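Participant: based on what follows, work out the 3D shape:
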Amino acid sequence: MSVVTRTLGKPHMEVFIKGAPEKVLALCRPETVPASASQALSRYTKRGFRVLALGRKVLSKKTTWLH
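Facilitator: Next comes the predicted model:
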């Protein structure tokens, strides 16, 4: 699931995503993912927790609602 937002007064838009960690991590640049992400995911899932991952990206200032 994703949403595109624009904060009033800001010159850019942002996109936020949530979903299964495996899918979200596949969309991320590796250097932006904490080194401990896989270990944390494994620890929580082994304890029976349902885990959601979140991601955010600032879009180009050229991006508009019309594109």
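Participant: residue ranges in the protein under the pLDDT threshold?
Facilitator: Counting by pLDDT under 70, the ranges of the chain that qualify are 67.
Participant: and if we set it to 80?
Facilitator: Counting by pLDDT under 80, the chain shows low-confidence ranges at 64-67.
Participant: what ranges do the strands span in it?
Facilitator: Assigned by DSSP state E, the strands in the chain fall at 2-5, 14-19, 53-58.
Participant: what strands line up against the second one, and which way round?
Facilitator: This means strand 14-19. Each strand paired with strand 14-19, and its direction, by DSSP bridges: strand 2-5 (antiparallel), strand 53-58 (antiparallel).
Participant: measure the residue nearest to the spatial centre of the chain to A37 for me?
Facilitator: The geometric centre of the chain, computed from its C-alpha atoms, lies nearest to G55 (C-alpha atoms, centre = their mean), at 0.9 Å. Computed as C-beta to C-beta, to the nearest Å, the G55 to A37 distance reads 12 Å. Where C-beta positions appear, they are placed from N, C-alpha and C, glycine not excepted.
Participant: contact partners for the residue nearest to the centre of the chain?
Facilitator: Counting by C-beta atoms under 8 Å, 6 or more residues apart in numbering, G55 touches 16-18, 24, 27-28.
Participant: what about the longest helix in the chain?
Facilitator: Longest helix in the chain, counting residues (DSSP state H): helix 37-46.
Participant: which strand residues bridge the closest residue to V24 other than its chain neighbours?
Facilitator: Using C-beta to C-beta, 6 or more residues apart in numbering and skipping the chain neighbours, the partner closest in space to V24 is A53 (3.7 Å). Beta bridges link A53 to G19, judged by DSSP bridges.
Participant: can you put the strands of the chain in a markdown table and add distance to S42?
Facilitator: Conversion of the strands of the chain to a markdown table gives the following (distance: least, C-beta to C-beta, whole Å):
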| stretch | distance to S42 |
| --- | --- |
| strand 2-5 | 25 |
| strand 14-19 | 18 |
| strand 53-58 | 13 |
